[in-house]
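J.: Dropping a prediction and its sequence here:
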Amino acid sequence: MLKIVFSGEDILRTRVAPGADPVWELVLSLHALQERTPDPLTAGWRRTVVDRLRRSGEAERLRLLFALAPPRGYFPDFLTPYQSIEGFEAGLAAVRRTPGSVLGRDLALLAAGTELPDAAGPLARGEPAAVRELTDSMRRYGSLAINPYWASIQAVVEADRARRARALLDGGVEGLLTSLRPVVRWESGVLEIPDYPSHRELHLAGRGLLLVPSFFCVGTPVALLDPALPPVLVYPVDRLGTLVQRPGRGTTAGAGTGRSALAAMLGRTRAAVLEVTDAGCTTGELARRLHISPAAASQHTTVLRNAGLLISHRERNTVLHTLTPLGRAVLDA
């Protein structure tokens, strides 16, 4: 069990990441790709990525990267720097700035339970060429496995952020932390992760906690091992269907044309419901914004939910509707 101990100051400094974290998604996707019993929601993604790695000849060049992120157990803290909250390139730059002493320490911890290829030696010594090769490998893997699906990953994370925002508005930070159940428990200033693979306590000591919603985090939330690093807890979101690869959008048709076609396909009101729920919306808010009755709003959301375009979360007396990756793809088409 992991226990994260909060002070009053920590509660004030706790927040949710501004969006999907590209470096965390990359590293956690490496776990998913190597898992012997793959998650059915990522099975199609896994087959496609494995095929791309085979056809591109990248598998051998990425051998060290895969070894650094085994499907189970410890992986180095330096792979997921706090700076990745500012974007993928900022995260890679932070990896390149990792001190040699930290590289050596983290890789020694990993080597205690995982066999590493010979290329890990120069990296553990902090040789600049080895560190650059690692970040180049992360960029190449990301272009194959993450970038084509990034819009869908973002859609799922934004749906979760909308849900957490509602919990924060209704119950403050304690309401936010309580909303993370059942994977965590919040009680008396302590956030507990019962299924965590090791038993330890993390005292935030006034630093607050960054909550990072993640598509590729499955089951148990993830925290960094080094207690001196900025505290982060990566937690799984409700994954609203399988990943959808988004093709490049053309420039010949304007947004108005696309929305008109959407209205023709779904009907004007249901197309409007889809647009309004882009940032998350309750049934009552839908009714007010579209000037329809709550019963009609509920009926339209039910139809769209059954079509796989919306997901609905009940929080006490309200139901929050958000787009699925398919719903966002339809809206943006």
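T.: Okay, I see it.

J.: Can you verify Leu191 is assigned to a strand?
T.: Yes - assigned with DSSP: H, G, I helix; E, B strand; the rest coil, Leu191 falls within a strand.

J.: distance of it from Leu12?
T.: Distance, Leu191 to Leu12, by Cβ to Cβ, to the nearest Å: 15 Å. Yep, even glycine has a C-beta here, placed from its N, CA and C like the rest.

J.: So between the two, which is more surrounded?
T.: Between Leu191 and Leu12, counted using other Cβ atoms under 10 Å, the more crowded position is Leu191 (24 against 12).

J.: residue contacts, the more buried one?
T.: With contacts defined as Cβ atoms under 8 Å, 6 or more residues apart in numbering, Leu191 is in contact with 3-4, 6, 177, 180, 184-185, 209, 233.

J.: Specify the beta-bridge partners of it.
T.: Ile4, Trp186 (DSSP bridges).

J.: For it, give its distance to Ala93.
T.: Applying Cβ to Cβ to Leu191 and Ala93 gives a distance of 30 Å.

J.: What residues are bridge-paired with the residue nearest the centre of the chain?
T.: In the chain, the centroid-proximal residue (Cα atoms, centre = their mean) is Ser214; its distance is 1.9 Å. Note on Ser214: beta-bridge partners by DSSP bridges are Pro236.

J.: Now do the domain split for this structure, please.
T.: Domain assignment for the chain, taken from automatic domain parsing, gives 22-150, 255-332.

J.: right, and Asp278 touches Leu323 too?
T.: Yes - Asp278 is in contact with Leu323 according to Cβ atoms under 8 Å; the separation is 6.2 Å.

J.: Quickly list what's touching both of these two.
T.: With Cβ under 8 Å, 6+ apart, Asp278 and Leu323 have common neighbours Leu331.

J.: If you count surrounding residues, which of those two has more?
T.: Between Asp278 and Leu323, Leu323 has the larger neighbour count (other Cβ under 10 Å), namely 28 against 16.

J.: Strands of the stretch 101-250 of the chain, start to end?
T.: 185-187, 190-193, 200-203, 210-214, 222-223, 232-236 (DSSP state E, counting those that start in this stretch).

J.: quick one: low-confidence parts of the stretch 101-250 of the chain?
T.: 240-242, 244-250 (pLDDT under 70).

J.: contacting residues for the residue nearest to Leu123 when sequence neighbours are not counted?
T.: The shortest distance from Leu123 to any residue other than its chain neighbours is 4.3 Å, reached at Ala130 (Cβ to Cβ, 6 or more residues apart in numbering). For Ala130, the contact set (Cβ under 8 Å, 6+ apart) comprises 119, 122-123.

J.: So which residues of the stretch 1-150 of the chain form helices?
T.: 8-12, 22-34, 43-56, 63-68, 88-96, 100-111, 120-124, 128-145, 150-178 (DSSP state H, counting those that start in this stretch).
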